[in-house]
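A.B. asks: Show me how the following folds:
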Amino acid sequence: MEEVNQTGGLGRTESSGLVFRQLEIFHAIMTTGSVNAASRLLNVSQPSLSRSLQRLEDQLGLPLFHRHRKRLLPSEEARRLFGEVDPIIAQMRALTDSIAHVIEGQTSLFRFAHTQSVGRQLVSHAIRLMKTRQPELKVFLDALPRMQHVDYLLGGKGECLVSLALLDHPLLVSRVIARAPLVAAFSADHPLATLDMLRASDLAGVDLISFEHDGPHFAAISTFLADAPTLPREVAFIRFADAGISLAYQGVGVALLDSFTLAGNLPDGLVTRPLENAPEFIARLYWNGERPGSRFVQAFGDALVRAVALYPDLTPVKEPSDD
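C.D. replies: Numbering: from 1, shown residues only. You can find the predicted model right below:
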């Protein structure tokens, strides 16, 4: 059995105050009602545990228990102290379990964020690929607008973030995952459905589903339409790209969207067309360089690249070699 040393088990002198081991012993006696049961619970010899309890009472300057036959009856002060100690013991035990899981490689919760464009297909596919190798994996997904990206990573709420936005901050590190072009999407009965490829001039006067006038989508659309003699009519404005799929399907207008959003299955009756000299989007995995995160960040990046290879309109981007 473990022996509690003369300083309460953690190498501190009595004059330096209480230590966690003393509180743990007090908690065990309170919950079991006897020194004998507490000693078995903590795997500590009864004489050693009794001495530790006596030192605790001496330090506090008050009796914590009244001896009655074979039972220890807590004093009113002990009951009040227990109310403070009980949640601390629970937290420390949970922390001990978490540390053990980390050491043993059993930590399985992976929290990260993504934008709607990459979240519709690519992120979900990457998670499935990760879980085939790590079935115990649990994920917590945060879907964030672009203006929250930097604060999310600097605040440490999640380990990483996948986005089409270019984030410029000295503490952020990124890995390029893939690139994909701007594409037109519209209902199958739209007049443009007869064309195999669209030029900017083909959109002259056409009803257009546009974006807020900032961010990567609006920039790409503006670049594509820069030389158009006549601009399309902006009839709807969206913040998230996946909303363009529903609006285009309903015939509201033509949506110019990134191919990440349009990857995978689309509603019957929605068609897409490539654009001549289409601007490209780049998907990047970002994380805080001062908080490199768990092993899941690297595994997630690798899974994203493997998922990209399954979609013909997305082009994986290989990381540069250190050689």
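
A.B. asks: CA atoms for contacts and neighbours, from now on please.
C.D. replies: Noted.

A.B. asks: ok, which stretches of the protein are strands?
C.D. replies: Secondary structure of the chain by DSSP state E: the strands cover 65-68, 71-74, 109-114, 138-143, 160-163, 172-187, 207-211, 233-238, 254-258, 270-274, 280-288, 315-316.

A.B. asks: what about stretch 289-301, start to end distance?
C.D. replies: Stretch 289-301 has its terminal residues 15 Å apart, counting by CA to CA, to the nearest Å.

A.B. asks: Tell me which residues of that stretch come out buried.
C.D. replies: Across stretch 289-301, burial judged by 16 or more other CA atoms under 10 Å covers 293, 296-297, 300-301.

A.B. asks: got a markdown table for these, with pLDDT too?
C.D. replies: Formatted as a markdown table, those follow (pLDDT from 0 to 100):
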| residue | pLDDT |
| --- | --- |
| 293 | 69 |
| 296 | 91 |
| 297 | 93 |
| 300 | 95 |
| 301 | 95 |
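
A.B. asks: Among the residues you listed, name the ones in helices.
C.D. replies: 296-297, 300-301 (DSSP state H).

A.B. asks: ok, the residues you listed vs residue 190, which is closest?
C.D. replies: Using CA to CA, residue 301 is the member of these that sits closest to residue 190, with 38.3 Å.

A.B. asks: which residues sit in contact with that closest one?
C.D. replies: Shown in contact with residue 301 (CA atoms under 8 Å, 6 or more residues apart in numbering): 175, 177, 285.

A.B. asks: Distance check, it against residue 165.
C.D. replies: Relative to residue 165, and taking CA to CA, residue 301 is found at 17 Å.

A.B. asks: Kindly report the same for residue 271.
C.D. replies: Distance, residue 271 to residue 165, by CA to CA: 26 Å.

A.B. asks: related to what we said a few turns ago, now the buried residues of stretch 289-301 as JSON lines including distance to residue 247?
C.D. replies: Converted to JSON lines, the buried residues of stretch 289-301 look like this (distance: CA to CA, whole Å):
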{"residue": "293", "distance to residue 247": "38"}
{"residue": "296", "distance to residue 247": "36"}
{"residue": "297", "distance to residue 247": "34"}
{"residue": "300", "distance to residue 247": "32"}
{"residue": "301", "distance to residue 247": "32"}
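
A.B. asks: Correct me if wrong: residue 39 contacts residue 51.
C.D. replies: No: Residue 39 lies out of contact with residue 51 (CA atoms under 8 Å); the separation is 11.9 Å.

A.B. asks: of the two, who's got more company?
C.D. replies: Shown here are residue 39 and residue 51; by other CA atoms under 10 Å, residue 39 has more neighbours (22 against 15).

A.B. asks: Contacts only, for that one.
C.D. replies: With CA under 8 Å, 6+ apart, residue 39 has these contacts: 45-46, 49.

A.B. asks: Any chance of TSV for these, columns distance to residue 207, pLDDT and neighbour count?
C.D. replies: TSV is the format used below for the contacts of residue 39 (distance: CA to CA, whole Å; pLDDT from 0 to 100; neighbours: other CA atoms under 10 Å):
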residue	distance to residue 207	pLDDT	neighbour count
45	82	89	17
46	84	88	17
49	81	86	25
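
A.B. asks: can you tell me which of the residues you listed are in helices?
C.D. replies: Among the contacts of residue 39, the members falling in helices (DSSP H) are 46, 49.

A.B. asks: ok, which stretches of this structure are helices?
C.D. replies: For the chain, applying DSSP H gives helices covering 20-32, 35-42, 46-60, 76-103, 116-119, 122-133, 149-154, 215-224, 242-249, 295-308.

A.B. asks: which one among the contacts of residue 301 gets closest to residue 255?
C.D. replies: Taking the contacts of residue 301 together and measuring to residue 255 by CA to CA, the closest member is residue 177, at 24.3 Å.

A.B. asks: right, and that closest one touches residue 303 too?
C.D. replies: No: judged on CA under 8 Å, residue 177 makes no contact with residue 303 at a distance of 9.9 Å.

A.B. asks: what about these two, which has more around it?
C.D. replies: Using other CA under 10 Å as the criterion, residue 177 and residue 303 rank with residue 177 on top: 24 against 21.

A.B. asks: per-residue confidence for that one?
C.D. replies: On pLDDT, residue 177 comes in at 97.

A.B. asks: which residues sit in contact with it?
C.D. replies: Neighbours of residue 177 in contact, by CA under 8 Å, 6+ apart: 282-285, 301, 304-305, 316-318.

A.B. asks: mind running it again at 6 Å?
C.D. replies: 283-284, 305, 317 (CA atoms under 6 Å, 6 or more residues apart in numbering).

A.B. asks: where's the dip in pLDDT among those residues?
C.D. replies: Checking pLDDT across the contacts of residue 177, the minimum falls on residue 317 at 84.

A.B. asks: Find the nearest non-adjacent residue to it, please.
C.D. replies: Using CA to CA, 6 or more residues apart in numbering and skipping the chain neighbours, the partner closest in space to residue 317 is residue 178 (4.9 Å).

A.B. asks: does that neighbour really touch residue 312, like I thought?
C.D. replies: No: the pair residue 178 / residue 312 is not scored as a contact, 11.7 Å apart, by CA atoms under 6 Å.
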